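Peer 1: Quick check, what structure comes out for this input:
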Amino acid sequence: MKSILIYYSYGGNTRHVAEKVVAEIGADLAEIETVKPYTGSYDHVVDQGQKEVNSGFQPKIGQINTDLSKYHTVILGTPVWWYTFAPAMNSFLHSVDLSEKSVYPFATNGGLHSRILRMPARVQRFMRDSMYALMKKNRLLLITKFKSGRNRL
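Peer 2: You can find the predicted model right below:
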């Protein structure tokens, strides 16, 4: 069965982990890109990200030129934005049907790790054997596996 890793990366950490995972397992790779890139200082983007997460905002994303029907396994990579996945991943999840796929998400975080990730119930339902990766300055510091629920949306 074919696998694909689909990721969103703002600062490059998630891209770095995605590339390492793909090299290790031989999956295809696709990037989620926002139509309007985030600009400004890091602090400005953090503030904007908090507003977007709190409001449930779904930014417009570019088309991923991949036929998902060819894949049985989908690995999703996202940075943690305010204790959940990035708004671009939210847009992607609302634009596709992954109900017949085995889905394995992973997250990267460059910030506070004591309250690492609050996954919405919709995501928790398909998490199983997922990974959490902690990155700092493009150096992989920690990968944690955790189990929870089913692996279907």
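Peer 1: Walking through this structure, point out its strands one by one.
Peer 2: Remark: strands assigned in the chain by DSSP state E are 3-7, 28-31, 73-81, 84-85, 102-109, 130-136, 139-146.
Peer 1: The nearest residue to residue 70 once chain neighbours are set aside and residue 8, how far apart?
Peer 2: With sequence-adjacent residues excluded and distances taken as C-beta to C-beta, 6 or more residues apart in numbering, residue 70 is closest to residue 2, at 5.8 Å. From N, CA and C alone the C-beta is placed, and that goes for glycine too. With the distance defined as C-beta to C-beta, to the nearest Å, residue 2 ends up 21 Å from residue 8.
Peer 1: Which one's more surrounded, the two?
Peer 2: residue 8 (26 against 10; other C-beta atoms under 10 Å).
Peer 1: Report pLDDT for the more buried one.
Peer 2: Looking at residue 8, its pLDDT reads 95.
Peer 1: In contact with it, which residues?
Peer 2: 14, 31-33, 77-79, 86, 88-89, 92 (C-beta atoms under 8 Å, 6 or more residues apart in numbering).
Peer 1: and those residues as CSV, adding pLDDT?
Peer 2: Formatted as CSV, those follow (pLDDT from 0 to 100):
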residue, pLDDT
14, 91
31, 97
32, 97
33, 97
77, 93
78, 91
79, 90
86, 92
88, 96
89, 93
92, 94
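Peer 1: Of these, keep whichever come out buried.
Peer 2: Burial by neighbour count, judged by 16 or more other C-beta atoms under 10 Å, picks out 14, 31-32, 77-79, 86, 88-89, 92 from the contacts of residue 8.
Peer 1: No more questions from me, cheers.
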